[in-house]
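S.K.: The sequence and its predicted three-dimensional model are supplied below.
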Amino acid sequence: MSGFDVIVVGGGHAGCEAAAVAARMGARVALVSFSRESIGAMSCNPAIGGLGKGHLVREVDAFDGLIARAADAAAIHYRMLNISKGSAVQGPRVQADRVLYKAAVQAMLDAQPGLTIVEGEVAELILEGDRVSGVVLADSTMLTAPAVILATGTFLGGRLYRGEERLTGGRVGEPGATLLAQQLRDAALPMARLKTGTPPRIDGRTIDWAVLEEQPSDDGSWTMSPLTVRRTVPQLFCAITRTNSQTHDIIRANLNRSPLFSGAIGAQGPRYCPSIEDKIHRFGDRDGHQVFLEPEGLDSVLVYPNGISTSLPTDVQLDFVRSMAGLKRAEIVVPGYAVEYDHIDPRALDHRLQLRAIQGLYCAGQINGTTGYEEAAAQGLIAGLSAAAMVLDRAITLPDRANSYLAVMIDDLVLQGVTEPYRMLTARAEYRLRLRANNASDRLTGMAIAAGCVGDARRNWFETRSAAKADMRARLEQKASCSELTALGLPVKADGARQSLYDWLRYPAVTLASLAPLLDGDALPADLVDEIEEDAVYAPYLARQAAELRDLRASEQVALGADIEYGAIAGLSNEMVERLSLAQPESLAEAGRIRGVTPAALAAILVHARRRAA
Amino acid sequence: MPSGDTIFALSSGAPPAAIATIRISGSLAKQTLATLTGALPSERQAALRSLRDPADGRLLDRAVVIWFAGPATATGEDLVELHLHGGRAVVRAVETALANMPGLRMAEPGEFTRRAFSNGRIDLAEAEGLGDLLLAETEAQRVAALRMASGHLSRLANRWREAVLRLSAMVEAELDFSDEDDVDTGADETLRVLTLELAAEIDAVLARPHAERLKDGIRVVLAGPPNAGKSTLLNALVQRDAAIVSDIAGTTRDIIAVPVAYDGVPFVFSDTAGLRDDHGDGIEAIGIARAQDAIATADIVLWLGVPDGIPQHPAVWQIAAKVDRADVSRETADVARHLVSALTGEGIDALIADLVASARQLLPAPEDLALNARQHRLISQCGVSLHDAAGQSDPLIRAEALRQARAAIDSLLGHSHVEDMLDTLFGRFCIGK
């Protein structure tokens, strides 16, 4: 029997971040995984980042997390999405070499003091009343800790579907955590099922690349983590092909062999990542769908055809793959499949991702009904941070909706629940204009330093950068007239008003570089220049939201008890009672975000809460 | 609860009444009073002040005003009370002026009580009333929902909502999914045109008559020089002694508003101080200023003076009053729309019939949209946000403007969530790799 502060179950993206951050905070951590070798594996597509997701990667990185640096260590293709649109919605994304990625994660975990990797299957949780106190492995080894984080991905009650085939497990070739699933079901936790899918993997040597449109890696030197000094891995290109009417005919003729359509899979899949059979069924009028051919690594022959996730039988998969340009002679190495799995209704969690019913038990990642590496990593970070803070008895500030996508996601999950696998979208963030991928450090690293999870290298980098930014902001406070700007050759409107250089920066033609003659002092690094210019451009829109934010902060101060009986409050509709009871909001602000709760209902809830406190 | 917004609401009963009290609570309360009155009285000292609309300097009312510094106030915040003359038009005008001031908004139901309670100014027993309020709100919503379900506002608003959702989905698809499959990017011009079309449709609906006319009545103002018989005619029209009638010129120093209904059409008749240039005294001068304002906001003006002095107004009717008397002016009688005698009742029925017929033109038709002030405000917010969205080229800012348009319509219809936009998005675009 071994004693730890925090036990993390699962070595995927959520588990690795959870274990690493808890250890960075000084907790003694055990990371339990079926096999040491599979820790840090990318089980689905070989990309990290993207729209909304890239924000999460940068935010986890701002807490000194693993994902961004691992992505840089493995990046064989960089692409900044939405480069032509506002920077608040630009999404940095890389294609990652699976082998390099896994190696980078494992190297960082190995180098992390206080973190022990334990190979084994967690068979059950040790519970003492409503508290968790450790886990028992399948070989009867006991590990004890006051905090356990479940980051079990799709392994809980996982069931694979491919045509008429059925398999039990999480990923192909690996066993699922069925004992643990049974125990969670027995604990009467609210559970539900979701599905997701993956496309067949193609042997890249059988693809006719010459006939396909290439998508090269972005020029430039940006990296996922600002701490990565430069891109080091050779860059490959991706390619684009398309489904066509022949592809669609093949799929249509075999829809009855898809478990999605035969009724075998009842669970809801993600609308933003539909299977190819779904796309063709629901959007029959389209003449084709893009398919991105993404190499899985420098030394791998595997290619991931992004856009044709499927659960059709293997023979049909081969037929329709070969109907596409460039894939006439393609060979499938691993066929695609759909997976249906258990998840916990995240409304059973609090904002620290702790189950309200079982003290010390935290959940992170796909088990909470989300999808995506980035979403998982972000939850792992928050769960690990919270669990370590609880065990070490350290007060920490958690992020909120106004400062991070991290918090938008967790707030959505624990207040609204999920009806499909949850993916981060920029549209979900009402304060999107202030949440940019490139100002994540500014928003969060101060908070992370206070929580004690940031290493020396990042702290030094952050402090230097913050000082440079503050210095530049101070220099930009000096006022200038439009004639002074015109004298620099800047086309600004001659309205005669003297305003600060910072205000002038809002004009499209004005940049920090163009103002250089008016500013003394050192030039700034490129990323900081971008950040300051963008701050200036969006400043007026942020000011408009200021009142909204003040109200938010104020009602966040009003705490609601954990066990309010909403049914006992006069005047609440049944629907409001049900939603409030499931989500158990902790503050008046949270109650107000739950669908259908009116201002008058909030007033009644407040009175009820105060009466109980009195 | 401490809050960024300063709120206001009518805290006395529904007008008309002798006095109407509007309360303003929050950090901007004191500044608001200073803006309305020009000079701030001493704290906790009642003072008579002219309230002027900060937008155009127009006189709103002469009112007794008091302010109290927080936290020792009913709400625990800075608090202002405006004791107005209790006519609907006065209250409406003051509310509108307040709503147009930045940082101020009309209080949500129960919000004063909530703030008072949060700040420890009232105890639990006093706050219990909130439960009843909520029940009342629910009942009111039920009735309102029923009414809207049968009318076509709900149909129309739902159609707007879907249109805004489609616009939002187009922008959001471009922002969140531009790299994934066949999202149509570069549809900026289409989006701008569609946004402007919707904004124009909303503007057209906003230009129609308000439901307040139906609820509060057509405003008919009796005006003319002193002793022209305005008060006597008013009494004859409303068939009771609402105004003080005497034969001393200048008796009516204030506006007297009397609600009355003919043939189911609601009217508010207002008698005004006589309009003359040589003021008798200061107080009467105020009455005259107020009469001029009343004329400006009237739907119909009945002019009892000589034709030469007729005020500028789109619907002013020359009335020859006192036709029972021998000295009635010949030239007035010739151009008058009505010849009446309050004393004998001559011409009164014809005048009433004419008023009813004219009023029907000003009221929303039964099958037409009847917007109340709240609906009007929200729809107007939606329209403003749509115009804003159409004028933006940055898709991010455009998305933000559309989000605000959506929020306004959602408040109108009482449902809201980003999920509805995503439903539209995923229903429209084949998205995902």
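M.R.: That came through fine.
S.K.: tell me which element the most centrally placed residue in chain A is part of?
M.R.: Nearest to the mean C-alpha position of chain A, counting by CA atoms, centre = their mean, stands residue A:375 at 2.1 Å. In this structure, residue A:375 is located in helix A:373-392 according to DSSP states H and E.
S.K.: swap in residue A:106?
M.R.: Counting by DSSP H and E, residue A:106 is found in helix A:98-110.
S.K.: Equivalent analysis for residue B:49, please.
M.R.: strand B:47-52.
S.K.: burial count for residue B:267?
M.R.: Residues near residue B:267, counting by other CB atoms under 10 Å in any protein chain shown, number 23. Bear in mind the C-beta positions are built from the backbone N, C-alpha and C, glycine included.
S.K.: distance of it from chain A?
M.R.: 34 Å (CB to the nearest CB, to the nearest Å).
S.K.: that's a strand at that residue, yeah?
M.R.: Yes - counting by DSSP: H, G, I helix; E, B strand; the rest coil, residue B:267 is part of a strand.
S.K.: Quick check on whichever residue of the stretch 301-433 of chain B sits closest to chain A: phi, psi?
M.R.: Minimum separation of the stretch 301-433 of chain B from chain A (CB to the nearest CB) falls at residue B:396, amounting to 3.4 Å. With angles defined as degrees, to the nearest 10, residue B:396 sits at phi -70, psi -40.
S.K.: likewise residue A:345?
M.R.: phi -60, psi 110.
S.K.: so who does it touch?
M.R.: A:189, A:190, A:191, A:192, A:369, A:417, A:418, A:582 (CB atoms under 8 Å, 6 or more residues apart in numbering or on different chains).
S.K.: The same query, at a cut-off of 10 Å, please.
M.R.: Residue A:345 is in contact with A:189, A:190, A:191, A:192, A:368, A:369, A:413, A:414, A:417, A:418, A:582, A:583, counting by CB atoms under 10 Å, 6 or more residues apart in numbering or on different chains.
S.K.: mind checking how far the host helix or strand of the fourth one is from the chain centre?
M.R.: In this assignment (DSSP H and E), residue A:192 forms part of strand A:191-198. Per CA atoms, centre = their mean, to the nearest Å, the displacement of strand A:191-198 from the mean C-alpha position of its chain is 17 Å.
S.K.: Parallel or antiparallel, list what pairs with whichever helix or strand comes after that strand.
M.R.: Next helix or strand after strand A:191-198 toward the C-terminus (DSSP H and E): strand A:201-203. Its sheet considered, strand A:201-203 pairs with strand A:302-306 (antiparallel), strand A:332-334 (antiparallel) by DSSP bridges.
S.K.: What is the neighbour count of the closest residue to the residue nearest to the centre of chain A other than its chain neighbours?
M.R.: Nearest residue to residue A:375 in three dimensions, chain neighbours excluded: residue A:424, at 5.7 Å (CB to CB, 6 or more residues apart in numbering or on different chains). By other CB under 10 Å, the residues close to residue A:424 number 27.
S.K.: Also residue B:102?
M.R.: 8.
S.K.: Identify the farthest-apart pair in the contacts of residue A:345.
M.R.: Farthest apart among the contacts of residue A:345 by CB to CB are A:191 and A:583. That separation is 16.6 Å.
S.K.: Same drill for those two, tell me which one is more crowded.
M.R.: Between residue A:191 and residue A:583, counting by other CB under 10 Å, residue A:583 is the more crowded of the two (24 against 17).
S.K.: Just confirm yes or no for the strand holding residue A:192 near chain B.
M.R.: No - with CB under 10 Å from any CB of the partner chain as the criterion, chain B is not reached by strand A:191-198; the gap is at least 10.8 Å.
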